[in-house]
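*Asks:* let's see this in three dimensions:
(2 chains)
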Amino acid sequence: MPLACNPAIDERCRAGESESAQWVRRLQGDGPGQADAVRQLHAELLRVARSELRRRSPRTRIAGSELDDLAHQAAADAIVVITRKLDQFRYESRFTTWAYRFVILEVSNKLGRHFWRAPGISIDQEQWDRLPAAFGLDPQRQAEWQELIEALRAAIEETLTPHQRRLFVAIVLNGVPLDAMVAESGSNRNAIYKALFDARRKLRRALVAGGHMDAKPERAS
Amino acid sequence: MSMKFTALAQFLATDPRDVGCEVAMEMLHVYAELFVAGDDPETRFPGIAAHLNACGPCGDDFAGLVAALSDPAS
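*Replies:* The predicted model follows:
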């Protein structure tokens, strides 16, 4: 298994490994020592959850007691998952890094569900006139992109499955976050991403076949 | 395609190395520690790098984990 550092040659790595072993030993124990470890870890997770929610707040517009409530929910759920999965920790990173990952993912889950609390959110509304703006196309230069957008629109109709089309409409046209679609559909992020990934490939191939796009390698960077 | 259509081209571009959300999230803690240490995780895990560049939510989780690791309180 890959390691983020090499304890054989790196002193800081050895210290991290020792600290991680202490966390695992304390959390796997019983009695007051285990309860102390859970309390200490919960405090760490709560601090990270609050910080992460604050980092995202310019986009989510969540603040104050609402933010704090979500942070508490994320930390509480994360600690349940972490204690349940403790035997899956492989010392590939510091224990705290592994644990922080869970609370960050819980923050994303909570925000995905929280998105639907706002009233009047449209998910299936097909306002195709939004398509150019979704890709930053300048209305003043419509003559330059009109043909491309019409071809894209036709490709959406002809090549996407109903599921892919619904995701495209929700995420691209209506600006619904992917994690909110995960919460809405009861699916998971990987399945939604894969469906959209396949949709993007289909659309690109259709545009290339129609001569609307260069057939260069499919690599984003 | 003209540079005028960059946003659309970027949206439609897919990287065959992209490992998807599940694999990327499974290794996110290792990737993030390598990143914070300046150990070039992009070379070691190109499929994860491709995914984090393309997937907004996973990229955001990565940024959040890096921010947590970079916090002096951590």
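*Asks:* and the pLDDT for the residue in chain B that chain A sits nearest to?
*Replies:* Nearest to chain A in chain B, going by C-beta to the nearest C-beta, is B:E33, at a distance of 3.6 Å. C-betas here are computed from N, CA, C, even on glycine. Looking at B:E33, its pLDDT stands at 96.
*Asks:* contacting residues around the helix or strand it falls within?
*Replies:* Assigned by DSSP states H and E, B:E33 belongs to helix B:28-36. By C-beta atoms under 8 Å, 6 or more residues apart in numbering or on different chains, the surrounding residues in contact with helix B:28-36 are A:2-5, A:92-94, A:97-98, A:100-101, B:24, B:40-41, B:44-45, B:48, B:52, B:58, B:61-62, B:65-66, B:69-70.
*Asks:* report the buried residues of the longest helix seen in chain A.
*Replies:* Using DSSP state H, we find that the single longest helix of chain A is helix A:32-60. The neighbour-count check on helix A:32-60 (16 or more other C-beta atoms under 10 Å in any protein chain shown) flags A:37, A:41-42, A:44-53, A:55-56, A:60 as buried.
*Asks:* can you tell me which of the residues you listed are up against chain B?
*Replies:* Among these, the ones lying near chain B by C-beta under 8 Å from any C-beta of the partner chain are A:R47, A:V48, A:S51, A:E52, A:R55, A:R56.
*Asks:* tabulate those residues (a markdown table), appending pLDDT.
*Replies:* Output for those, formatted as a markdown table (pLDDT from 0 to 100):
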| residue | pLDDT |
| --- | --- |
| A:R47 | 98 |
| A:V48 | 98 |
| A:S51 | 98 |
| A:E52 | 98 |
| A:R55 | 98 |
| A:R56 | 97 |
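*Asks:* need the max-distance pair from those.
*Replies:* Greatest spacing in those, by C-beta to C-beta: A:R47 and A:R56 (15.4 Å).
*Asks:* ranking helices and strands of chain B by mean pLDDT, which lands last?
*Replies:* Least confident element among the helices and strands of chain B, by mean pLDDT, DSSP states H and E: helix B:6-12 (a mean of 90).
*Asks:* is the next helix or strand after that one in proximity to chain A?
*Replies:* Reading on from helix B:6-12 to the C-terminus, the next helix or strand found by DSSP H and E is helix B:20-26. Yes. Against chain A, helix B:20-26 shows contacts by C-beta under 8 Å from any C-beta at B:G20, B:C21, B:E22, B:M25.
*Asks:* buried sites along whichever helix or strand comes after the longest helix of chain A?
*Replies:* Sequence order places helix A:64-84 as the next helix or strand after helix A:32-60, per DSSP H and E. Of all the residues in helix A:64-84, those buried under the rule 16+ other C-beta under 10 Å are A:L67, A:L70, A:A71, A:Q73, A:A74, A:A75, A:D77, A:A78, A:I79, A:I82.
*Asks:* show me what helix A:64-84 is packed against.
*Replies:* helix A:32-60, helix A:95-114 (3 or more C-beta pairs under 8 Å, 6 or more residues apart in numbering or on different chains; DSSP states H and E).
*Asks:* could you redo the last one with a cut-off of 10 Å?
*Replies:* With contacts defined as 3 or more C-beta pairs under 10 Å, 6 or more residues apart in numbering or on different chains; DSSP states H and E, helix A:64-84 has these neighbours: helix A:11-28, helix A:32-60, helix A:95-114.
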